[in-house]
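**Student:** A structural model of the following input is requested.
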Amino acid sequence: MAKLSIRDLDLKNKTVFMRVDFNVPLEPGTLKITSDKRIKASLPSIQYALEHGAAVILASHLGRPKGKPVAEMSLAPVAVRLRELLPGVRVEMATDCVGVARPAPGEVLLLENLRFHPEEEKNAPEFAKHLAEGVDVYVNDAFGSAHRAHASTVGITRFVPVAAAGLLMDKELEYLTKATKNPEHPCIAILGGAKVSDKIEVIQNLLKFADRLLIGGAMAYTFVAAKGEPTGNSLVEADKIDLAKQLLTEFGNKILLPADHVVAGEFKAGAEHEVVATIPAGKMALDIGPETVEEFSIVIRGAKTIIWNGPMGVFEKPPFDEGTVAIAKAVANSGAVSVVGGGDSEKAIQSAGVADKISHISTGGGASLEFLSGIELPGVAALTEL
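**Tutor:** From the prediction side, this is the model:
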């Protein structure tokens, strides 16, 4: 069901509680923000609310403080950056996330780390009720936390008159829904990463509607083993071989596995390596080979919709990043509607210099994986329906 958007609301003189994802990386010791990407991602929603006359309360977690205040996980550095990004706007920082004064219209109040209270992750009703005090409108713009049923993502919606999606959340839902519920065909999915077990539900759900599933990364070698082919010292999940056999039997015409492999004798950057069609004993596959890049690229070039999650090799250890970067370029040049998961896939897109050619790069790793698995996200389900 379609959800109410911040665009559908009258915000003038309303107090808006906006759940954002300001879980930014901080430099140890200095507590300097090393990437403000997540702050900038929610700026459009914050500015929209301010421009429409709202008082804005911003709430987020940062790190895993385990239900107690931790100085190194304070959102204070975020408040400093927000003041720089919102010139002319009064931005205050609260000492807590409950029991604090509300801002006036046109002002912003950043609450302290939600996870300083254990009740946040427990979705405790009384804590959620305190968060909602004096709030007219709830807006969730934190897609990266939408798969968590916490007080600030689910519980609070029971104590506010209306709960809507922010602009970033809107965009995430638009592209992920388009790619999975009503894709233009041919629709292909590209999956990588370490383990089949991490993405079983994703694989099974994608195979329901994708025309082809291209599998790379270490997870491919469980499937290679399922075909009875040698895998050397490559990562194989022995307890998932039967599942891989079952999927290959049922969907073998859809699944495309690596035709060649970049192998090495040890797992380290710059290791001596070679390209092989069959993995020899004592060697491990650390990237897809050039023939696989070409085979995958041919399928990618013919696609109208592309969903990609996970690298094709040990992306963080050059030269075993080459296959992933090549696939990133192929996706970018395909002309298809392309939806890319976060994490290493996003890093590959950035490294290849093609981020501007991707339709949508998701901001939520775990949330996007669950969405691709066909699971309804609690933080989305809690929003008011149109």
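**Student:** For burial, what's the neighbour tally of residue 281?
**Tutor:** Residue 281 has 8 neighbours, counted by other C-beta atoms under 10 Å. From N, CA and C alone the C-beta is placed, and that goes for glycine too.
**Student:** And for residue 362?
**Tutor:** Here the number of neighbours of residue 362 (other C-beta under 10 Å) works out to 24.
**Student:** so the closest residue to it other than its chain neighbours is in which element?
**Tutor:** Leaving aside its chain neighbours, residue 362 sits nearest to residue 368 (4.2 Å; criterion: C-beta to C-beta, 6 or more residues apart in numbering). Using DSSP states H and E, residue 368 sits within helix 365-372.
**Student:** circling back to that earlier point, test my guess that the residue nearest to residue 362 contacts residue 179.
**Tutor:** No - under the criterion of C-beta atoms under 8 Å, residue 368 is not in contact with residue 179, lying 10.2 Å apart.
**Student:** got the contact list for the helix holding residue 368?
**Tutor:** Residues from elsewhere that reach helix 365-372, judged by C-beta atoms under 8 Å, 6 or more residues apart in numbering: 143-147, 172, 176, 180, 198-199, 202, 205-206, 307, 309, 341-343, 362, 377, 379.
**Student:** rerun that using 7 Å as the cut-off
**Tutor:** Identification of contacts with helix 365-372 by C-beta atoms under 7 Å, 6 or more residues apart in numbering yields 143-144, 146-147, 176, 180, 202, 205-206, 307, 309, 341-343, 362, 377.
**Student:** can you tell me which of the residues you listed are in helices?
**Tutor:** Mapping the contacts of helix 365-372 onto helices (DSSP state H) picks out 176, 180, 202, 205, 206.
**Student:** that older thread, where does the residue nearest to residue 362 land on pLDDT?
**Tutor:** Looking at residue 368, its pLDDT reads 88.
**Student:** What about it, how many residues nearby?
**Tutor:** 30.
**Student:** I'd like the distance between it and residue 241.
**Tutor:** Separation of residue 368 from residue 241 (C-beta to C-beta, to the nearest Å) stands at 27 Å.
**Student:** about what we covered before: now the ones in helices among the contacts of helix 365-372 as CSV including distance to residue 71?
**Tutor:** Shown next, in CSV, are the ones in helices among the contacts of helix 365-372 (distance: C-beta to C-beta, whole Å):
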residue, distance to residue 71
176, 37
180, 42
202, 38
205, 42
206, 43
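**Student:** could you pull out the helices for the stretch 151-300 of the chain?
**Tutor:** Assigned by DSSP state H, counting those that start in this stretch, the helices in the stretch 151-300 of the chain fall at 167-181, 200-209, 220-226, 241-251, 290-301.
**Student:** could you dump those helices to TSV with mean neighbour count and distance to residue 28?
**Tutor:** Putting the helices of the stretch 151-300 of the chain into TSV (neighbours: other C-beta atoms under 10 Å; distance: least, C-beta to C-beta, whole Å) gives the following:
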stretch	mean neighbour count	distance to residue 28
helix 167-181	20	28
helix 200-209	18	33
helix 220-226	24	35
helix 241-251	16	40
helix 290-301	18	38
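**Student:** what's the closest of these to residue 100?
**Tutor:** Nearest to residue 100, of all those, is helix 167-181, at 24.4 Å by C-beta to C-beta.
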